[in-house]
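Colleague: Build the 3D model from these lines:
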Amino acid sequence: MRSILSAGGICLLAALNLGACAEEESIELIFCNGAEPRCSERIIGVIEDAQDTLQCAVYTFTLDSVAEALAAAVARGVEVWVVYESEQESDNVVDTLESGGVFVKSDGNANLMHHKFLVADSAIVATGSFNWTWSADTGHDENLMILDSPGIAALFQDEFQRIWSEAK
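Modeller: From the prediction side, this is the model:
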């Protein structure tokens, strides 16, 4: 199921941190339960649309298709950074990312890095409960929000920079 909110809905989310909203901002909300559309398809769509940068912080990441999409983004000139939770490492995914030119680090925090987000081109944020795993993509009840908001993207980028600076 997909829902789209206009600037009014995103303004409610951003009011405390940003103070202003642009008319063109939107939120796409997807509830995935293993049926179509799959959350991974929408994540891959955001990756494929990226032109300049992708910053990803993901707790559990085992989906080869998403790793391959990130590597393909690098091949077309997008700079890509990924931080994953060190306790949830997938050697296959890490190998695909590193061999594809993605900047990859494991979380350096002693606690769990439980984020699940990506920021595309300093404007689009994909976030929600969705871990980038086969089981989450094919059987779990998950949610994914795609926020088109440079202001909210800036907040996520600040958090990404904090995590990246602590990562190893």
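Colleague: is it true that L112 touches E87?
Modeller: Yes: between L112 and E87 there is a contact under Cβ atoms under 8 Å: 7.0 Å. Where C-beta positions appear, they are placed from N, C-alpha and C, glycine not excepted.
Colleague: which residue packs closest to the residue most central in space within the chain, ignoring adjacent ones?
Modeller: With distances taken as Cα atoms, centre = their mean, L118 lies nearest the centre of the chain, 2.3 Å away. Leaving aside its sequence neighbours, L118 sits nearest to C56 (Cβ to Cβ, 6 or more residues apart in numbering; 4.3 Å).
Colleague: longest single helix anywhere in the protein?
Modeller: Taking DSSP state H as the criterion, the chain has its longest helix at helix 150-166.
Colleague: Just to be sure, the residue nearest to L118 is in a strand?
Modeller: Yes: assessed with DSSP: H, G, I helix; E, B strand; the rest coil, C56 lies in a strand.
Colleague: Give me the below-cutoff pLDDT ranges for this protein.
Modeller: Counting by pLDDT under 70, the low-confidence segments of the chain come to 1-23.
Colleague: Do you have the strands of it handy? List them.
Modeller: 2-5, 26-32, 53-58, 79-84, 103-106, 116-120, 124-128, 142-148 (DSSP state E).
Colleague: how about JSON lines for these, with distance to A71 added?
Modeller: Shown next, in JSON lines, are those (distance: least, Cβ to Cβ, whole Å):
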{"stretch": "strand 2-5", "distance to A71": "27"}
{"stretch": "strand 26-32", "distance to A71": "23"}
{"stretch": "strand 53-58", "distance to A71": "11"}
{"stretch": "strand 79-84", "distance to A71": "8"}
{"stretch": "strand 103-106", "distance to A71": "11"}
{"stretch": "strand 116-120", "distance to A71": "14"}
{"stretch": "strand 124-128", "distance to A71": "18"}
{"stretch": "strand 142-148", "distance to A71": "21"}
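Colleague: What's the local residue count around T53?
Modeller: T53: 16 surrounding residues under other Cβ atoms under 10 Å.
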